[in-house]
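Participant: can you look at this prediction? I've put the sequence above it.
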Amino acid sequence: MTEASTAYSPAPEGGWTIETVAAELLRCEDERIERPPFTDEWPELDLDTGYAIQDLNLQRRLERGEKLIGVKLGLTSRAKQQRMGVHFPFVAWLTDGMILPVGDPVPQGKLIHPRIEPEIVFIMGEGLSGPGVTAAQAMAAVESVWGGAEVIDSRYQDFRFKAGDVSADNASSGAFVTGPIGLPPESLDLATEAVLVEVNGVIVDSATGAAVQGHPGEALALAANDLARRGHAIEAGWIVLTGGMTDAVFAPPGSSTAMHFTNLGSVFLNGGAAPDSGDD
Ligand code: OOG
Ligand code: MG
């Protein structure tokens, strides 16, 4: 690899634009390059501008053959908001390129500095169009509920970002894996469904579904309503990640992480091997 290809790009003459930020973010993702947040140089980059960048890169992902399979919510729990310093939830896209097959290790070779967080995951039986969707309406559209683990990865150094940066970066999307048990939503109380986060054999954190906006159904309603503002709706068959229930844990090569849910089973993630340095 040449040195130029491993460095982040400086601001173009005249400053960053939606197009140039989108291209730079996708390049950083593809080449595993981390960079400072754009808001350092473009303070006006706000949530909605970030969404425009996110949408542009969804188009690019689709053009290169990925399929849109659902959405993920970001920062729906207080634990996540406090850690990241962004104090409201938002929505990002999921493509089939982000699916991690059960049993596969953390894809270190594709990610910069992965972290893992436990999530309640929905598979939609029906579509949901906002605005005005309530949690009860949202839950009625859910076909099945799963435990899951999202492997987040930020294109920003040390996960330092503002709302505009992280919405542009598709909410730090990386990969996700779903657990072994899918249940109909009426068969369990999602507010009290608990998860224990285990890293290298030690329980390091825990939460219940109530951590996610009081109930993950509230997060789903929020997604439908936020997407409506952007001219989109949730579709039948989509997967919805409702947001990290706890702070994320580091996932270096060689680590071993497990998320143990009360009724939804356990999700195990092996940290895998260190990626090639690219120097050889
Ligand atoms: C932003 C992504 C947030 C979640 O579940 O809250 C997210 C980040 O923490 O880097 O996926
Ligand atoms: Mg997440």
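Facilitator: That came through fine. Ligands and ions are numbered 1, 2, ... in the order given.
Participant: and the residue nearest to Val197 when sequence neighbours are not counted, what element?
Facilitator: Here the nearest residue to Val197 in space, its sequence neighbours aside, is Asp205; by Cβ to Cβ, 6 or more residues apart in numbering that works out to 4.1 Å. Just so you know, the C-beta spots here come from the backbone N, C-alpha and C atoms, and that holds for glycine as well. If you go by DSSP states H and E, Asp205 is part of strand 202-208.
Participant: with just CA atoms, put the helix or strand following that strand into PDB.
Facilitator: Using DSSP H and E, the helix or strand that follows strand 202-208 in sequence is helix 216-229. This file holds the C-alpha atoms of helix 216-229, laid out as PDB (Å, rounded to 0.1, in the frame of the first residue of the first chain):
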ATOM      1  CA  PRO A 216     -37.900  -1.000  22.200                       C
ATOM      2  CA  GLY A 217     -41.300  -0.500  20.500                       C
ATOM      3  CA  GLU A 218     -40.900   3.200  21.200                       C
ATOM      4  CA  ALA A 219     -37.600   3.100  19.300                       C
ATOM      5  CA  LEU A 220     -39.400   1.300  16.400                       C
ATOM      6  CA  ALA A 221     -42.100   4.000  16.300                       C
ATOM      7  CA  LEU A 222     -39.400   6.700  16.400                       C
ATOM      8  CA  ALA A 223     -37.700   5.100  13.400                       C
ATOM      9  CA  ALA A 224     -41.000   5.000  11.400                       C
ATOM     10  CA  ASN A 225     -41.700   8.700  12.300                       C
ATOM     11  CA  ASP A 226     -38.200   9.900  11.600                       C
ATOM     12  CA  LEU A 227     -38.100   8.100   8.300                       C
ATOM     13  CA  ALA A 228     -41.400   9.600   7.300                       C
ATOM     14  CA  ARG A 229     -39.800  13.000   7.700                       C
END
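Participant: distance of the residue of the stretch 101-250 of the chain found nearest ligand 2 relative to ligand 1?
Facilitator: For the stretch 101-250 of the chain and ligand 2, the shortest gap (Cβ to the ion) falls at Glu150, measuring 4.0 Å. Distance from Glu150 to ligand 1, counting by Cβ to the nearest ligand atom, to the nearest Å: 6 Å.
Participant: quick one: classify that residue as helix, strand or coil.
Facilitator: For Glu150, the secondary structure call by DSSP: H, G, I helix; E, B strand; the rest coil comes out as strand.
Participant: give me the nearest residue to it, chain neighbours excluded.
Facilitator: In space, and not counting its chain neighbours, Glu150 is closest to Phe176: 4.5 Å by Cβ to Cβ, 6+ apart.
Participant: dump the residue contacts of the one you found.
Facilitator: Shown here is Phe176, whose contacts under the criterion Cβ atoms under 8 Å, 6 or more residues apart in numbering are 72, 94, 98-100, 119, 121, 148-151, 241.
Participant: repeat that for Glu119.
Facilitator: 147-150, 176, 241-245.
Participant: please repeat the previous calculation with a cut-off of 7 Å.
Facilitator: Contacts for Glu119 were tallied using Cβ atoms under 7 Å, 6 or more residues apart in numbering; they are 148-150, 241-245.
Participant: quick check: mean pLDDT of stretch 153-166?
Facilitator: In this model, stretch 153-166 carries a mean pLDDT of 98.
Participant: now that stretch, how far from the centre of its chain.
Facilitator: Going by Cα atoms, centre = their mean, to the nearest Å, the spacing between the C-alpha centre of stretch 153-166 and its chain's C-alpha centre is 12 Å.
Participant: report the buried residues of the longest helix seen in the chain.
Facilitator: In the chain, taking DSSP state H as the definition, the longest helix is helix 47-63. Of the residues in helix 47-63, those buried under the neighbour-count criterion (16 or more other Cβ atoms under 10 Å) are 47, 49-58, 61.
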